[in-house]
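K.L.:
need a structure here:
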Amino acid sequence: MNTIRTLFCLATRHQRGLTLVEMMVALVLGLILAAGMIQLFIGTKQTYRFYDALSRIQENGRFALDSMANDIRMADQRPLNTPPLANAVAPNGTSVNNNDDITVIWQLGNVIPPNQTRAYSIRPRFAGGVAPTCATAGTSLYLDFNDGRGAQELVEGVEAMQIRYGVCNVANGVINSPANYVAAAAVANWNLVCSVRIDLLMVSLEDRVVTQPQVIFFPPYTNNVWPVNDRCLRQAFSKTVAIRRRMP
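P.N.:
Presented below is the predicted three-dimensional model:
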């Protein structure tokens, strides 16, 4: 019994708590662990914001190109033995910020009204909803059916759009390719436009998605550097569409 009591007294006598050095070491280790967890959380959140913005840009860009391409292919479609439609593909002059726009018209035989019109343009973003934190995301792609409803917002986050028209050569009254892509002001005969090249510059709705301003070439196949002074995410899209009615 005395031996057990002696051992117990010795054990309790050595357990006098932690020293100041031990407490400081434990505190430093805790701070390092907390800092690592915070850094991991911030990095994960930033990665999520980047890929979320990228996926939205790619989805909107593809949807905008596909919608415009489907309508542009139909330009100047009409019943047989009828003359070409006037201005079946041409700009409409409704865009803002020096962006391009386009209107396409085709004709269906027994449909009322026979002329089907689609007008695409860049206009200020719809005021409803949450305002974007990216200052240059204030414009959207609009679609106007010209049936009295007015232009409807189709895709948001379209910073710029450029339309170039492929003017084909004429030989023996038949329009032949290859086409020479020019701006609207350089088109002398709109009936010779046989294809259209669409360039879109999409931008994220949120700022501070990338760590530094991007170097963007727009149109993407040129050496023109698009002015960027923010940390919004951007991606350029391009598509060439043939007008079926005017191809050889």
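
K.L.:
give me the number of residues near Y221?
P.N.:
11 (other CB atoms under 10 Å). (C-beta placed from N, C-alpha, C; glycine too.)

K.L.:
now it, what's its secondary structure?
P.N.:
Following DSSP: H, G, I helix; E, B strand; the rest coil, we place Y221 in the coil state.

K.L.:
Low-confidence regions, this protein specifically.
P.N.:
By pLDDT under 70, the low-scoring segments of the chain are 1-17, 41, 97-98, 110, 112-113, 172-173, 177.

K.L.:
next helix or strand past the longest helix seen in it?
P.N.:
Taking DSSP state H as the criterion, the chain has its longest helix at helix 20-72. Once the chain leaves helix 20-72, the next helix or strand it forms, by DSSP states H and E, is strand 89-90.

K.L.:
for the helix or strand following that following strand, packing partners?
P.N.:
Next along the chain after strand 89-90, taking DSSP H and E as the criterion, comes strand 102-107. Contacts defined by 3 or more CB pairs under 8 Å, 6 or more residues apart in numbering; DSSP states H and E place strand 102-107 against helix 20-72, strand 89-90, strand 115-124.

K.L.:
so who does the residue nearest to L192 when sequence neighbours are not counted touch?
P.N.:
Using CB to CB, 6 or more residues apart in numbering and skipping the chain neighbours, the partner closest in space to L192 is V167 (5.2 Å). Going by CB atoms under 8 Å, 6 or more residues apart in numbering, V167 touches A179, N180, Y181, V182, V187, A188, N189, L192, V193, C194.

K.L.:
Test of understanding: give the bridge partners of V167.
P.N.:
N180, V193 (DSSP bridges).

K.L.:
and the nearest residue to L54 once chain neighbours are set aside, how far is that from A127?
P.N.:
Nearest residue to L54, sequence neighbours excluded (CB to CB, 6+ apart): L233, at 6.4 Å. In this view, L233 and A127 are 23 Å apart by CB to CB, to the nearest Å.

K.L.:
So if I had to pick from these two, which one is more boxed in?
P.N.:
L233 (25 against 6).

K.L.:
Isn't that one up against D52?
P.N.:
No. Look at L233 against D52 with CB atoms under 8 Å: they stay out of range, at 9.9 Å.

K.L.:
So which residue is smack in the middle of this protein?
P.N.:
M202 (2.7 Å; CA atoms, centre = their mean).

K.L.:
Check which helix or strand the closest residue to Y221 other than its chain neighbours maps to.
P.N.:
Excluding its sequence neighbours, the residue lying closest to Y221 (CB to CB, 6+ apart) is S238, at 6.5 Å. Element membership for S238, per DSSP H and E: strand 234-242.

K.L.:
quick one on the thing from earlier: check contacts around the residue nearest to L54.
P.N.:
Per CB under 8 Å, 6+ apart, neighbours of L233: F50, A53, L54, I57, V203, S204, V209, V210, Q214.
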